[in-house]
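Engineer: quick check, what structure comes out for this input:
(chains A, B, C, D, E and F)
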6 protein chains.
Amino acid sequence: MTVFVRSGGRAADQLRPVRITRGFTIHAEGSVLIEFGQTRVLCTASVEEKVPPHKRGSGEGWVTAEYGMLPRATHTRSDREAARGKQSGRTQEIQRLIGRSMRAVFDLAALGERTIHLDCDVLQADGGTRTAAITGAFVAAQDAVNKLIAAGALAASPIRGHVAAVSVGIVQGTPLLDLEYVEDSACDTDMNVVMTGAGHFVEVQGTAEGAAFSREEMNALLLLAEKGIAELTVLQAQALAG
Amino acid sequence: MTVFVRSGGRAADQLRPVRITRGFTIHAEGSVLIEFGQTRVLCTASVEEKVPPHKRGSGEGWVTAEYGMLPRATHTRSDREAARGKQSGRTQEIQRLIGRSMRAVFDLAALGERTIHLDCDVLQADGGTRTAAITGAFVAAQDAVNKLIAAGALAASPIRGHVAAVSVGIVQGTPLLDLEYVEDSACDTDMNVVMTGAGHFVEVQGTAEGAAFSREEMNALLLLAEKGIAELTVLQAQALAG
Amino acid sequence: MTVFVRSGGRAADQLRPVRITRGFTIHAEGSVLIEFGQTRVLCTASVEEKVPPHKRGSGEGWVTAEYGMLPRATHTRSDREAARGKQSGRTQEIQRLIGRSMRAVFDLAALGERTIHLDCDVLQADGGTRTAAITGAFVAAQDAVNKLIAAGALAASPIRGHVAAVSVGIVQGTPLLDLEYVEDSACDTDMNVVMTGAGHFVEVQGTAEGAAFSREEMNALLLLAEKGIAELTVLQAQALAG
Amino acid sequence: MTVFVRSGGRAADQLRPVRITRGFTIHAEGSVLIEFGQTRVLCTASVEEKVPPHKRGSGEGWVTAEYGMLPRATHTRSDREAARGKQSGRTQEIQRLIGRSMRAVFDLAALGERTIHLDCDVLQADGGTRTAAITGAFVAAQDAVNKLIAAGALAASPIRGHVAAVSVGIVQGTPLLDLEYVEDSACDTDMNVVMTGAGHFVEVQGTAEGAAFSREEMNALLLLAEKGIAELTVLQAQALAG
Amino acid sequence: MTVFVRSGGRAADQLRPVRITRGFTIHAEGSVLIEFGQTRVLCTASVEEKVPPHKRGSGEGWVTAEYGMLPRATHTRSDREAARGKQSGRTQEIQRLIGRSMRAVFDLAALGERTIHLDCDVLQADGGTRTAAITGAFVAAQDAVNKLIAAGALAASPIRGHVAAVSVGIVQGTPLLDLEYVEDSACDTDMNVVMTGAGHFVEVQGTAEGAAFSREEMNALLLLAEKGIAELTVLQAQALAG
Amino acid sequence: MTVFVRSGGRAADQLRPVRITRGFTIHAEGSVLIEFGQTRVLCTASVEEKVPPHKRGSGEGWVTAEYGMLPRATHTRSDREAARGKQSGRTQEIQRLIGRSMRAVFDLAALGERTIHLDCDVLQADGGTRTAAITGAFVAAQDAVNKLIAAGALAASPIRGHVAAVSVGIVQGTPLLDLEYVEDSACDTDMNVVMTGAGHFVEVQGTAEGAAFSREEMNALLLLAEKGIAELTVLQAQALAG
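Structural biologist: Numbering: from 1, shown residues only, chains lettered A, B, ... in the order given. You can find the predicted model right below:
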């Protein structure tokens, strides 16, 4: 079996260069540009001192996410969702995933009756935008929480640990970590994995694009994901320490 | 650790009683009422002799799904999506999942330039509606394909094998097969698994509702799912033979 | 003049076999499957302990209806209204008719500040779906009211009498009771009649599909409707007594 | 029983002053302002040299209607439907009624593959806007057809006869012709009747607003409607001759 | 250079005949039909005793406008915005302009916490509908305010002065006042100018339709606009005095 | 009169630091990040080898623009238009302005039957986003045209000259060039000016936010705008030469 050769001589279990830039824009309580190779997502965290109806009076807060892609973030221009008048099923699926992932590490009672909105906007897409969004949104949320603590609005952090995400997939029989667009288009199986800093799973979403996949293949993919997420957690911590 | 006691004395690895009624309504090319205990989903397959724009002129067909829930399929009435003017993110996510699952066993070239629409409408919900929908839609699709073959429109079946789905989850530390609503509401981890009749994975969607889950828990859940889907495949075959 | 021959040897003034199944689904306060021959409509009644804005603080309740048709309830698949993003004019017209018909026999002050939602969803269509819906919704509403009385929420019934509906029409010169689809498609005049158990009119909606109709034809149609509705009222009472 | 006294000493079986002004605006092929007392509706007929998809290639034309009400046509301002983003159920019901009524007197084959759009916009409302719209739209359609004939686009008229409409109702026990707003609000039974110039029924839509109505009451109302529509037909003819 | 010859021998700096009819409809607090030649706009002012959210509790009122065009106000029929389900960008731009123009002469604090809705509906279009709308809406607003004063709801007028508008443009090199449709279609530069009765600018919106325009051309256009608006202000005053 | 003091000691007639970064993202045919101080807009130009319906078969091309703002581009988070399901009136007004401005310097016949889409997305807002968008979109369009020429798809450029834009306004009596957000919020008059490289006007949109403005004030603003746009044209040329 010939092994699939990745661009730039990247190893099968190697992340693309990841860059996390905090304070990318000035207004948001948290503003992070995260880059996984050519994929670039701007993640902002906005604090709002009220909660949606289903949390009103509960003493608990809420963490929610929205996702968008600039029309020309992609190879060919895609329609602007605001102009079409609705978000695609794909967009809604992704923003629901980001929201659940972030809530997995938040103690909503400790947050108090306020909402953190995480807006993840893809400036440039080259595969893995949703996993980059989760990884970056965590850093933006952390910055927003730190501002709340610094301002005396919170006594302690409601964040219980890291959360990060990565995509894995099987391309021409080879399990690969962190797929870029050409790999994603060619893959038989595509899996998005979200994990905590403690190494537990928050979300696993695997899809057979071509042939169905075996238990062994799944195991190989999960191993790759665990490795990648462990590295991403370190990168998040370094960015936050920077 | 006390083990969670299931309603009706059901074992942890036991499916609810499954009933598959073919020909439930008269107009559709395939019409199946599938029941997983109290969950009842009407799955119809409609053949249309044209394809959506992205397949036009390709010589290939298309298989797509839509999902809906009657307003009072649930404990409390939910708004009618047609009246609200849009499908929820959850609905879109589910119908995309059903569509991908069905296409995983279809040879679209062998189908020819026609579309099979699978409409999955929940008449009564008690957990596991999306997995029941996939399992029932397969039977409806099979009936529709058989009609095309009988009518001479197709020489051979474009269906390459069975596809079925089941939910699994961890409730109070116990991995359970085929969650009903009260179990689903209480579970820490919820996983929907779609597999082929050959025992390969088509979709794995696991979500930590409460605590994140470990690799061991995931393995236990996948084992349960494999068992359940193997049984569902047999039930599908029996229904089709009936 | 040759007389139009009906399927199954049905007489011109004869209803199709009518079947009313109470408790068809488990969650709703009232849940009725009504069948007029091959037409099958699921009517559920849901009680909500609040009223729409125009009734707030009035001490009066509200009774309202929504109508839908599963995409493959019909011979050829019709688009799902939730996916299209709006209800058709026909759907809105029908659900307004059902709502008015039900309110005609309700004492809204005696209902108290609560709403009864009647959801009428057509599982299978073969003509006369709106009149079946009204006839079935009455039984579902009655069941919901009985639950309110049994629970002590109401001291007496706010329902002042029966309401039922039937379609009549002129096909090839012959006035017919309870049109099925092939008759409805061929008819010159189509009339939907809603009456109380006491034999008074609640709604009369007659439309000349082909030639305009005379006063004599109208009289003949109303006579047929009166006969049919008297029979339907008995069937409702039997179902409720069952 | 005291008889209901009408404004301006109008008799129970008397129409309000009706005024039909042709050529009210300059651009439309037919443009008629119709007034029933204080109710004023602008009806324009526009000819389009193509047909909707369901008539394409059929050799037949189409006649369709749209209805609107200016926000301050009514006592209190109502929301603009264009701003709200959808037409109400009432609006759709009315424009469907107008369209059916007009098609009842049109020979669509004789019209040829073109569409006549009838736009009925209420400038001022005081009851009976839909019946005024039908009565005025007929005159506008006639003018548009005459222009097509004058231009040589049609050899003969596709209009087979007059169509006109009026509302009737029972107020405090008295059957009244042509209800104005205060009568409409107070009535027990409200009926809109559409008839041909030959005295046949096109549409009968009767609704019990309060108590259900008897066969005798219905007969009384239909008699009043026949009288009113006979007079309206004369007024239409005079306007067209003018 | 040949000078552009206007219809009816109108001079380059001459307004079309302007007619302002107060009390055109009966229900609104202010109801004005304004005609600039063949352009006819119905402007109604409605008083609502509440304000939109951003003004609640501020002690200030609000003045807002909506704009619409009947489908056959134009040479060829345009789609009804209510049926299409949204207002065009052009419509929104115009109604925002009308609203800002009216607020420019209103003291919102003196108005008190109430809203004046100005609905400007074009019955017939022949160029300059937005400027006619502003000029007419002012008169309607004035009538509504006078009713509030007469009713004792306001002690003094919150209106600080007149506001009126006119279009100017350059057609074949000639600067023209008050463009009608054929001129508007042919012009190189089109400018809408809104001014107060005191001769100051509220809005200037100039657009090069063909060639970009020079400072000298702009100056010529503004001079024409000043002349036209001075005349319109006199006509407004005469109408209000009438 | 005290003169308004600008942040950073900026002179009244001084632009903020302007930075134009070409090739900001990799997929678009033209991709420019333009910064006016803290205002940052990403302008991409996408070439599509077809035209909208109104240009089909005309031999002419089309140039169009869309505008968006990331939810947290502003001080407080604004709703995402894609999630709300429609673009605001402000957004539509701005994108129409950008489109007209770009078409003013395009020879659509020379472009051939293709469309250039200009997407202007505000990453960070601090006043003047629409004028920055126009100034940046011109550079992106130029890059896209150059690629078409380089690829042999165009023999010569369809761009006839530069177009750029700037805002001017009067704050506390002082006419200022290039308003930042705090100035824009405080200004009495706000004017957006679009000019060609040759110094002619394409668009002038002046609005009195507070008091109406005089002819002298308007002249002072136009002088400032001319100065600013002349400088911006030089900066565009330098960026394109870079």
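
Engineer: OK, now which residue of chain A is nearest to chain C?
Structural biologist: Of all residues in chain A, residue A:86 sits closest to chain C, at 7.7 Å by CB to the nearest CB. From N, CA and C alone the C-beta is placed, and that goes for glycine too.

Engineer: tell me the secondary structure of that residue, please.
Structural biologist: Using DSSP: H, G, I helix; E, B strand; the rest coil, the structure places residue A:86 in coil.

Engineer: how about it: what's its closest non-neighbour residue?
Structural biologist: residue F:85 (5.7 Å; CB to CB, 6 or more residues apart in numbering or on different chains).

Engineer: on that earlier part again, okay, now the residue of chain A closest to chain C: neighbour count?
Structural biologist: When neighbours are defined as other CB atoms under 10 Å in any protein chain shown, residue A:86 has 18 of them.

Engineer: on that earlier part again, quick check: phi and psi at the residue nearest to residue A:86.
Structural biologist: Dihedral pair for residue F:85: phi 90, psi 0, per degrees, to the nearest 10.

Engineer: returning to what we had before: could you measure from the residue of chain A closest to chain C over to chain E?
Structural biologist: As judged by CB to the nearest CB, to the nearest Å, residue A:86 and chain E stand 12 Å apart.

Engineer: you'd agree that residue is up against residue F:83?
Structural biologist: No. Taking contacts as CB atoms under 8 Å, residue A:86 lies outside contact range of residue F:83: 9.0 Å.

Engineer: where is the longest helix in chain A?
Structural biologist: Identified as the longest helix of chain A according to DSSP state H is helix A:215-241.

Engineer: and that one, which residues are buried?
Structural biologist: Of all the residues in helix A:215-241, those buried under the rule 16 or more other CB atoms under 10 Å in any protein chain shown are A:217-218, A:220-222, A:224-229, A:231-233, A:235-236, A:239-240.

Engineer: residue contacts, residue A:212?
Structural biologist: Taking CB atoms under 8 Å, 6 or more residues apart in numbering or on different chains as the criterion, residue A:212 is in contact with B:104, B:195-196, B:198, B:200-202.

Engineer: need the per-residue pLDDT for the residue lying closest to it once chain neighbours are set aside.
Structural biologist: In space, and not counting its chain neighbours, residue A:212 is closest to residue B:200: 3.3 Å by CB to CB, 6+ apart. We have a pLDDT of 97 for residue B:200.

Engineer: residue A:1 now?
Structural biologist: Reading off the model, residue A:1 has pLDDT 48.

Engineer: for residue C:91, see how far away whichever residue of chain A sits closest to chain E is.
Structural biologist: Using CB to the nearest CB, the single residue of chain A nearest to chain E is residue A:85, 7.6 Å away. Note on residue A:85: its distance to residue C:91, by CB to CB, to the nearest Å, is 21 Å.

Engineer: one more: residue A:47?
Structural biologist: 43 Å.

Engineer: got it, and residue A:211?
Structural biologist: From residue A:211 across to residue C:91, the span is 43 Å (CB to CB).

Engineer: residue A:202 too?
Structural biologist: Distance from residue A:202 to residue C:91, by CB to CB: 41 Å.

Engineer: neighbour-wise, which of these two wins?
Structural biologist: Comparing residue A:202 with residue C:91 by other CB under 10 Å, the one with more neighbours is residue A:202, at 27 against 19.

Engineer: wait, the more buried one sits on residue A:103?
Structural biologist: No. Contact criterion CB under 8 Å: residue A:202 and residue A:103 do not qualify, at 9.4 Å.

Engineer: where does pLDDT dip in chain A?
Structural biologist: By pLDDT under 70, the low-scoring segments of chain A are A:1-3.

Engineer: okay then, goodbye and thanks.
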